[in-house]
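Peer 1: Provide a 3D model corresponding to the input given below.
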Amino acid sequence: MGSSIEAPSGPKSASCRRSGQVGYKEAPTGPLVTLPPFRHSDFDGELGSVFARLKKEIATTYLDFEAKATKSWGEIIAELGGAVASIEGKGSNCIPQVKFQDLETLDAETVARIKRVGTVVIRDIVDDEEAAKWKDDLKQFAKDNPEVDGKLSIEFWTKPQVKARSHPNLIAASKFLNQLYHLKSGSSSSQLEGVDLSVPLTIRKPGQAWGFHPPHIDDGKNPEFRKCFEDILEGKWKEHDPYDLAGRFGARTSLYGRPSQSTVFRTFQGWLAMRRHRVKGTLQVFPDVLLSNAYIILRPFFRPRTPAASSSDALNDPKNWEFDVTDPLFHGIRPRDGGYQGPMPTPELHPHLQLEKTMISIPKVYPGDATPMNLAYVARQKECFLQGERPPDFPKGKGEKGWVGVASEEDIISPAGRVAIGFVELWALIEFQASVMRDTCT
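Peer 2: Numbers count the residues shown, from 1 in each chain. Below you'll find the predicted structure:
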């Protein structure tokens with residue numbers, strides 16, 4: 001759901017995508033990172049029984065579900081046909097770009113486009129000199145710590161990272177993005193203080209492959225979370241609002257406590273570049289949140305009448321698809337660690353998305369390009385920071401305690417940054433405000 005645009009010749013920009021948007025991190029060579037072949041037998045055991053019950057439960061919960069879903073399915077695949085052609089033609093130019101100084105005066109049309117695409121590039125956030133200093137400090141950090149230098153390394157608490165997270169411009173951009181979320185009653189999420197969900201710095205030497213992430217969506221599954229997609233399930237998919245907070249605050253997005261599964265509500269995800277990245281660089285996304293959400297939610301309820309039919313006409317003909325709740329398959333979900341992960345869209349299981357054509361790159365970025373932080377924050381993360389340990393939502397591993405150049409509380413560079421990272425008593429107020437919004441949403 002959303003990606004980029006060719007950057008003008010100049011530094012200092014930010015790219016960020018809506019959390020939950022279809023995206024992936026690719027290997028340096030550029031093709032889609034592929035998954036192991038899908039095996040239907042993975043759903044023969046307990047996992048299949050759970051999914052079969054879930055699918056039937058959904059189908060019986062909503063009035064006239066089969067008829068409404070079938071009508072919606074035909075409309076969605078028809079619209080996807082036109083969207084794919086448009087995305088393929090425009091490429092990265094699908095993605096809106098704005099300047100940091102213009103955030104407070106953007107017109108309604110631009111804001112609507114940002115929300116539909118799900119990704120925005122914000123220019124002129126961090127000065128060139130400051131970004132260059134961060135990069136130099138990171139190079140020195142790698143030299144000072146043998147555990148880092150020369151390896152594919154992932155760190156969380158270096159001084160440049162903490163300074164970036166607490167930079168007032170980044171926090172201001174984050175607040176702008178948070179305000180895109182709202183309740184249907186009309187209030188926005190701006191009543192919540194912006195807080196930071198720390199994500200890692202990745203140091204990769206030239207030539208080192210990084211193919212960890214095929215196309216994927218940040219996963220979360222909970223009956224409460226289903227409220228976020230009720231318009232789609234009720235046959236009103238065009239009314240679906242991905243930025244409505246109802247159902248989000250009360251939902252558990254991590255039912256199994258597995259590493260790398262978010263336990264918090266994230267609004268947008270961002271990327272801070274410490275060097276120049278080419279257009280076909282590391283991050284790619286599908287630039288239409290409404291269509292991709294609607295398609296992925298309804299995909300498990302339909303199968304092709306002629307499975308071998310791969311021609312465009314057969315693929316896009318609604319008559320070639322039939323409603324089915326007997327199959328336990330939820331397309332893109334895969335077994336993992338005693339539970340499951342995903343969804344991970346693939347050309348095989350999600351043919352109408354045409355991922356080879358529609359996963360577009362973020363724009364060319366330069367030293368100083370920056371990304372806003374996330375709204376959600378886990379209080380335990382502060383203690384991880386103080387102890388030099390990895391944050392709670394990431395796989396456990398050797399921390400950074402005792403390393404040269406690891407940040408401390410003194411490296412937080414602004415009062416707003418102290419709020420964002422959890423070092424002020426306002427945290428109690430933030431928790432209170434969050435509880436009020438949870439009560440409002442339920």
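Peer 1: could I get the average pLDDT for the longest helix seen in the chain?
Peer 2: Assignment by DSSP state H gives helix 65-90 as the longest helix of the chain. Average pLDDT, helix 65-90: 96.
Peer 1: what comes up buried for it?
Peer 2: Residues of helix 65-90 classed as buried by neighbour count (16 or more other C-beta atoms under 10 Å): 65, 68-70, 72-74, 76-77, 79-80, 83-84, 87. No exception for glycine: its C-beta is placed from N, CA and C like everyone else's.
Peer 1: ditto for stretch 320-331
Peer 2: Buried positions in stretch 320-331, judged by neighbour count with 16+ other C-beta under 10 Å: 320-321, 325, 327-331.
Peer 1: what does stretch 131-139 give?
Peer 2: Buried residues in stretch 131-139, counting neighbours by 16+ other C-beta under 10 Å, are found at 131, 134-135, 137-138.
Peer 1: over to stretch 286-304?
Peer 2: Within stretch 286-304, judged by 16+ other C-beta under 10 Å, the buried ones are 286-303.
Peer 1: show me where this protein has helices.
Peer 2: 46-61, 65-90, 108-117, 128-144, 159-165, 168-178, 230-233, 289-298, 312-316, 355-358, 379-387, 415-421, 426-441.
Peer 1: isn't residue 97 right up against residue 123?
Peer 2: Yes. Counting by C-beta atoms under 8 Å, residue 123 is a contact partner of residue 97 at 6.3 Å.
Peer 1: which pLDDT value goes with residue 186?
Peer 2: The model reports residue 186 with a pLDDT of 54.
Peer 1: show me the shaky parts of the stretch 51-200 of the chain.
Peer 2: Along the stretch 51-200 of the chain, segments meeting pLDDT under 70 span 148-155, 185-200.
Peer 1: ok so, going back, let me know the closest of the buried residues of stretch 131-139 to residue 408.
Peer 2: The nearest member of the buried residues of stretch 131-139 to residue 408, counting by C-beta to C-beta, is residue 137 at 14.3 Å.
Peer 1: quick one: the closest one and residue 162 touch, right?
Peer 2: No. At 11.1 Å, residue 137 does not count as touching residue 162 under the criterion of C-beta under 8 Å.
Peer 1: can I get the buried residues of stretch 320-331 in a markdown table with pLDDT?
Peer 2: Listed next are the buried residues of stretch 320-331 as a markdown table, based on pLDDT from 0 to 100:
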| residue | pLDDT |
| --- | --- |
| 320 | 91 |
| 321 | 94 |
| 325 | 93 |
| 327 | 88 |
| 328 | 87 |
| 329 | 86 |
| 330 | 88 |
| 331 | 89 |
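Peer 1: let me have these in a markdown table, extended by distance to residue 103.
Peer 2: Listed next are the buried residues of stretch 320-331 as a markdown table, based on distance: C-beta to C-beta, whole Å:
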| residue | distance to residue 103 |
| --- | --- |
| 320 | 46 |
| 321 | 42 |
| 325 | 45 |
| 327 | 46 |
| 328 | 46 |
| 329 | 43 |
| 330 | 38 |
| 331 | 37 |
